[in-house]
Every structure is written in structure tokens, then in C-alpha cells.
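Okay, predicted coordinates and the sequence, questions at the end:
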Amino acid sequence: GLAFHLQAIKQNNDSTLLSKARDMYRLSQAILREANQKKKSSSKLLHKHYFHVALLNNLGQICYEFVEYAESRHYFQNVEANLLHIMSRESKRMKKNPSRKSQKNHQPFDAADMFGMMSNTLVDIPNAAPCA
């Protein structure tokens, strides 16, 4: 999905490539969802919230580009929910172990970064169709 997405951006948001990227991102979501339901997957991506954030964010951007505003909003709301979960989880970990800041495997983003990412999920849905 990402390869198609990046190529589409290089080609001025080529709609065919964006459509392929969207399809691949959705396929990735379906595979992860199925793995989660079967509970037999050893995939580490299943529990990586940043992976889900990237996937949902990219789907939201593509849907917005295709004027699928309701679907775009749905994806961005899920991005926000995942970011809130990450922040909550990290906050709990910090309370349990305040020395975590000095540890090697700490949170890759600080609070300001997280709030910045969350602000990107605020999508205004236009009330008029775009001009051709």
C-alpha cells in the first residue's frame, strides 16, 4: 500500500495509484482483523499501535482525496482513538516506573508530538462539493 501511495504522490495524486494504495491498506486491515479474531497469529504488527495509526491515517488521507469525507472522518477518529490509547498506556507505564525515561525502549514520541499528531485528525468536512 505504501509503495502505491508514495508513487501516487510523486505523480500528482494519481487516482489509479491512490485507489490501489487504498485497496492494499484495506487488505492489510482485513488480514490484521482476521489474525486478531483467530488469536493464532504470531504477527508482532497485530499489537503495534503505531502501525495501526499509520494505516488508518493513510486511509483517511486517501478517502479525503477521493471526496469520501464520512469514511475519511471514520478513519481519522480511529487514528485519534489509537493515539489516546498509546498516550494512556504510556502514562500508566510512567507512573509504575518513573525511571522509564532513561530506559532504552521508551516512548518514541513525547507528549507534544502526540498532541500534534492528534491535531492532524481534526478534519473539517466541506459542506459543498469541490469545484472541477
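Perfect, thanks for sending it.

Can you check which helix is longest in the chain?
helix 69-96 (DSSP state H).

Show me where the chain has its helices.
2-10, 15-38, 49-65, 69-96, 111-119.

picking up where we left off before, now do the longest helix of the chain: which elements does it pack against?
In terms of contacts (3 or more CB pairs under 8 Å, 6 or more residues apart in numbering; DSSP states H and E), helix 69-96 is packed against helix 49-65, helix 111-119. C-beta coordinates here come from the backbone N, C-alpha and C atoms, glycine included.

how far off helix 49-65 does that helix point, in degrees?
Angle of helix 69-96 versus helix 49-65, following axes from the mean of the first three to the mean of the last three CA atoms, to 10 degrees, is 160 degrees.

which of the residues in helix 69-96 are buried?
Within helix 69-96, the residues that count as buried by 16 or more other CB atoms under 10 Å are 71-73, 75-76, 78-80, 82-83, 86-87, 90.

Go through stretch 10-28 and flag the buried ones.
For stretch 10-28, burial by neighbour count (16+ other CB under 10 Å) applies to Leu17, Leu18, Lys20, Ala21, Arg22, Met24, Tyr25, Ser28.
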